[in-house]
Structures are given as C-alpha cells and as structure tokens.
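Chemist: give me a 3D structure for the following:
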Amino acid sequence: MHSDSAQPGLVARREMTPRQRRIVTAGIMVTLFLAALESTVVATAMPTIVARLGGLAIYSWVFSAFLLTSTISMPLWGRLSDIEGRRPIFLAGIALFLAGSALCGAARSMGALVAFRAIQGLGAGGLIPISLTIIGEIYDLEQRAKMQAYFSGVWGVASVLGPLVGGVITDYISWRWVFYINIPIGAAAMLIVTRGFHDAGREEAGKGMDLRAGAAFTLGLASLFGALLLGGDRWAWGSPPILALFALCAAFMALFVREESRSESAILPLGLLRDRVVATAVANGFFAGMAMFGALAFIPLFVQGVLGTSATGAGKVLLPFTLAWVIAATIGARLMLRTGARPPILGGMALLIAGFALMARLDATTTPATVALYLSIAGIGMGFVFVIFLVAVQTRVRTQELGVATSLVTFMRSTGATIGVAIMGTLVRSRMAGGLAVWRATHREIAALIPPADLDALLRNPGLLVTPGTRERYPAALLESFRQTLAHAIDPAFKAGLIAAILGLVAAAFYPAAASRARAAARQA
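Modeler: Here you go, the predicted structure:
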C-alpha cells in the first residue's frame, strides 16, 4: 500500500485528449445526476405510492429491495469493470437500471414494485462505483479531489431538484413518472459515454472472476438481508426460519472469505483491509451509511404523515440537507489538500452525531422548518466525510485495484444503508403494528361518522391518511390520533441512526494521524 502523500502518478491515467476527457466527464456527470435524482424523487413519492397501492406495512421494502440488489452487485460490477473494461460494464449497468425503472413505473401492486425495484437496484450497483473509478483513472490526485467536489456539486443539484421534481410530479402528474423520468436522462448518459469513451486494455484481462466466491457472497448477503427484513415481522427473531437465515449467512460468508483468501482474481481483495486508511474508510462508511440513508428513508413519511405536508412540501424540507451536503463536500475536498483528511473527517462525524441527536427529539409538534434545520446539520457532516474518504482510498491502491477499491468503499456504505433501512424498518413496523391495533380499537366510536366505503378503505390501508387529498375526508380527532401513532412508530429509526453515527465516529478516530500530517506536508512543499 502507499502513503497518503503519494504523488499524482500513483494511479495511472488514461492517455486522453482534453476533448475526450471533457466528453467522458460530461457522461459521468449525467450518470451521477441520474443516480442522485433517483434517490430523492422516489423518497418523496413513497408516501403517495403507499396511499395508491397500499402496503404501509412493507413501506421500507421498496427501499430495502433496491439497496439489497445494488449492494450485492456493487463489488461484482467493480470487478467486472477491472476485467472487461469500464465502458461495456458501465453501459450494461445503465441499461439494466433503465429497464428496472420502466418496470417500476408500470407496477400495479406494492409487491410488484418491490420486485421491480430489485431489478432497478441491480443496474444501479454499477453506476456510482464505476463512475468514480473512471474519474480516479483520468485525473491526477489534486485534480481528482477537485473533480470529486465538482461531482458533489452535480449530485447536489440533482438532489436539490429531486425532492421538488418528485413532489411536483407526484402531486400534479403521477407518481409513476418519478421512475419514467430516468429513461431520457439515462439514454443521454449512454449516448455520451458510447461516443466519447473508448476503453483501453485492462491489466486484469484474462484473469476472470471467481464465480464460487461471487455466488457465496451473493447468497450470504441475501440471507442476512432476508433475516433482517423478515425478523420481528413475518417471523419472531428467535424462530427457526430467521435463525436458519443467519446460519446460512455465516456459512456462505465463511466460504466467501476462504475462496477470496486464496484467489488470484478476488472480488473484494481482503488484503486491501490491511491498509489502515482503507480499513477505516470501510468501517466508517458502513456506520455512516446506516445512519444517514437508513433514517432518510423515513423522513418523507414523517413530514407528510405526521406534519401533514404534501409531497412537494416534503421535498422542500429535504432541500437544505442536500445544499448543506454539497457545500460541505466542496469545502471538505479543499480542506483535505491543506490539512489532510483526519480533521475534516472527525469534524464531519461530530456534526452528523449532533444532527441525529436533534432528530431523535422529533415528535408530532415539530415544524417542517425544524426538521430541515436538523437535516442540514447532518448533511454538513456527511458532505465532509464521504468525499474525503473516497479520495483518500483512491490514493492508496494500485491501478489494477482502483475499480475494486472504489467499489469496496461504496459497497460498505450501501451495505450499511441496506442494513440500516432493514433494522429501522423492522423497528418502525413493530411499533406501527401495535399502534394501529390500538388506534383502530380506540376510534370505533368515530367509525359511525365515516361512510362505509371510506371506512373499509381506511381499515385496509391506513396509509390513506398520509396524503392531503384523502385526509380531508376523515374527522380531525382520527387524524390527530393517527399522527401521534405514526410519530411514535418512526421515532426508533432516528434513535438507531444516532447510535450508528456514534459508532461511525469511533471508526473514523482510527484514521492514521501520520497520513494526514504527510498529506499536509506534501501540500506545503
């Protein structure tokens, strides 16, 4: 491995003309715009989707299915791009993502949407890691830090537009178009990359992929996520099916580690974790991803269902978060070049913890502006941490490891997010089930005031009370009680996010101080 003060020539860059580099950069920017837009438009549309399709009990599954398949496929895409070249694998990922988007838009039930989101996630697993890998190859170290800041700006613009676009589309057109909108953007990205990016030969060509390790890895993670999604919901945590899933996870992951330790074409080279910077980035990414992305899945539900806003209103609440993330990412990338990675990383994690400590106090009396403020504090923290860790890792690896190393970092963030959504979803579902049972029993006397058709629809799908148009048909006492029930159910998600953020700070504290001092010295030389 290499020190943090490695010179720009550490990672070999493709021989490109300035024009070719601009074209490739434009294609990657469009791809990252697509990925960021997807994450925000769907979140703001989900409460409305629940009201239309039903399935409030499996609300989190729509996020979990996407995160599950994107997480599992992420290192596989990275390894394939090392073997077959970035361009064909990148295009294949975009194509699969667009196919999944079209299917999601056509879904007629919540179960179908969950299945189609899994397909969409398979393609999404290749978008971000390969994009960031290409950037690591075509720019030197200092340029790479600046480009990552620019890309954070693109991500931020999309994230800023996403909540508003998602809210407006959901409120005034149809929730289905939050998926269909991906198709023209993705087609543009494919066209740019096809015309402007011509892959050079790969150093790893001919080695192939360890299929047994890949199968064990996939089955192991699938077993783990299945246990987390079904435990405490479909089956009790100590029931034979859940224990069997955990046992299968342990067995498959043990097989994966054994195969990887002796393979010349490892999917996730375990030797990378011997480097302290890489190991710290992986551990921190897991916990930070669990905290931020796990909790973000429930913010729109809280803002719409508890605070009573529209989908557009929920999008406005998320705006300060995305702006804070972008600004902090840009500042953090520049700070890294001056002070090294450790100071902004630790400062960012402290802000993330502060944001979650405040969010853990949210209740039915909170205002949307207060939620936006708390999210902004957390967003500043995430902006500092994510970009800096990625650039730090890319300076530590050899050219032939760049794809898999980048995928490893993004994979662990996605794994944390997936597990976070699964755990938080289980906690929310458990409280929601008990709360709704009490809520239904408490309001039997109000049932006589509700038309039979509306009452029947409400009992089958309490999610109807999440959207403004349907809330108007029900008595105020019923709505107030539902708000309190929903707020109480979502509360554990934010508290779990706080615990994960604290663990992320503990992991970040192991970032080597010597590496930061070396980087600062190299910058001043």
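Chemist: gap between the closest residue to L34 other than its chain neighbours and P18?
Modeler: In space, and not counting its chain neighbours, L34 is closest to I185: 4.8 Å by Cβ to Cβ, 6 or more residues apart in numbering. Quick note: C-beta positions are derived from backbone N, CA and C, even for glycine. I185 sits 26 Å away from P18, going by Cβ to Cβ, to the nearest Å.
Chemist: looking at the two, which is more packed in?
Modeler: The neighbour count for I185 versus P18, taken as other Cβ atoms under 10 Å, is higher for I185 (20 against 7).
Chemist: tell me which helix or strand the more buried one sits in.
Modeler: Assessed by DSSP states H and E, I185 sits inside helix 182-196.
Chemist: what are the ranges of the strands in the chain?
Modeler: Applying DSSP state E to the chain gives no strands.
Chemist: quick one: contacts for the residue nearest to L34?
Modeler: V30, F33, L34, L37 (Cβ atoms under 8 Å, 6 or more residues apart in numbering).
Chemist: cool, and A281?
Modeler: F389, L390, A392, V393, V409, M412.
Chemist: as JSON lines, the contacts of I185 with neighbour count would be great.
Modeler: Output for the contacts of I185, formatted as JSON lines (neighbours: other Cβ atoms under 10 Å):
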{"residue": "V30", "neighbour count": "23"}
{"residue": "F33", "neighbour count": "21"}
{"residue": "L34", "neighbour count": "24"}
{"residue": "L37", "neighbour count": "23"}
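Chemist: could you identify the most distant pair in these?
Modeler: Spatial extent of the contacts of I185 (Cβ to Cβ) is set by the pair V30 and L37 at 10.4 Å.
Chemist: mind listing what's buried in the helix holding I185?
Modeler: N182, I183, I185, G186, A188, A189, M190, I192, V193, G196 (16 or more other Cβ atoms under 10 Å).
Chemist: picking that back up, before we move on, what's the pLDDT of the residue nearest to L34?
Modeler: Here, the pLDDT recorded for I185 equals 86.
Chemist: closest to R431 out of the contacts of I185?
Modeler: L37 (31.5 Å).
Chemist: how much space separates the closest one from A378?
Modeler: For L37, the distance to A378 - Cβ to Cβ - is 21 Å.
Chemist: and what of L91?
Modeler: Distance from L91 to A378, by Cβ to Cβ: 35 Å.
Chemist: which of the two has more residues huddled nearby?
Modeler: Ranked by neighbour count (other Cβ under 10 Å), L91 and A378 place A378 first, with 28 against 17.
Chemist: I'd say that one and F321 touch.
Modeler: Yes. A378 lies in contact with F321 (Cβ atoms under 8 Å); the separation is 7.0 Å.
Chemist: now the helices: where do they sit in the stretch 251-400 of the chain?
Modeler: For the stretch 251-400 of the chain, applying DSSP state H, counting those that start in this stretch gives helices covering 276-296, 299-301, 311-339, 342-359, 368-394.
Chemist: give the buried residues for the fourth one.
Modeler: Residues 342-349, 351-359 are the ones in helix 342-359 that count as buried (16+ other Cβ under 10 Å).
Chemist: number of nearby residues for R338?
Modeler: Neighbour tally, R338, other Cβ under 10 Å: 12.
Chemist: where do the domain boundaries of this protein fall?
Modeler: 16-196+267-524, 210-266 (automatic domain parsing).
Chemist: what's around the closest residue to L103 other than its chain neighbours, how many residues?
Modeler: Nearest residue to L103, sequence neighbours excluded (Cβ to Cβ, 6+ apart): F116, at 3.9 Å. A count of nearby residues for F116, using other Cβ under 10 Å, gives 23.
Chemist: and F116, what does it touch?
Modeler: G100, L103, C104, A106, A107.
Chemist: hmm, try it at 10 Å
Modeler: The neighbourhood of F116, defined by Cβ atoms under 10 Å, 6 or more residues apart in numbering, consists of 62, 65-66, 99-107, 179.
Chemist: give me the buried entries from those.
Modeler: V62, A65, F66, A99, G100, S101, L103, C104, G105, A107, F179.
Chemist: now tabulate those residues in TSV and tack on pLDDT and distance to L307.
Modeler: Listed next are the buried ones among the contacts of F116 as TSV, based on pLDDT from 0 to 100; distance: Cβ to Cβ, whole Å:
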residue	pLDDT	distance to L307
V62	83	21
A65	82	27
F66	85	25
A99	95	36
G100	93	31
S101	93	29
L103	95	32
C104	93	27
G105	92	28
A107	90	27
F179	92	26
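Chemist: and which of the residues you listed is nearest to A509?
Modeler: F66 (31.6 Å).
Chemist: from G355, how far out is the nearest residue to the closest one once chain neighbours are set aside?
Modeler: Of all residues beyond its chain neighbours, the one nearest F66 is G121 (4.0 Å), with distances taken as Cβ to Cβ, 6+ apart. Distance of G121 to G355, given as Cβ to Cβ: 27 Å.
Chemist: with R471 instead?
Modeler: 29 Å.
Chemist: ok so, going back, of the contacts of F116, closest to I327?
Modeler: Looking across the contacts of F116 and measuring by Cβ to Cβ, the closest to I327 is F66, at 27.3 Å.
Chemist: which residue, neighbours along the chain excluded, lies closest to L161?
Modeler: L37 (6.9 Å).
Chemist: one step back: so what sits against both of A378 and F321?
Modeler: M292, L296, G355.
Chemist: which pLDDT value goes with the last one?
Modeler: The per-residue pLDDT reported for G355 equals 93.
Chemist: cool, and the first one?
Modeler: Note on M292: pLDDT of 82.
Chemist: what is the burial count for the nearest residue to it once chain neighbours are set aside?
Modeler: Counting by Cβ to Cβ, 6+ apart, M292 lies nearest to M382, which is 5.4 Å off, once chain neighbours are set aside. Number of residues near M382 (other Cβ under 10 Å) recorded here: 27.
Chemist: now for M382: which residues touch it?
Modeler: Listed by Cβ under 10 Å, 6+ apart, the contact partners of M382 are 288-289, 291-293, 296, 321, 324-325, 328-329, 332, 348-349, 351-352, 355, 501.
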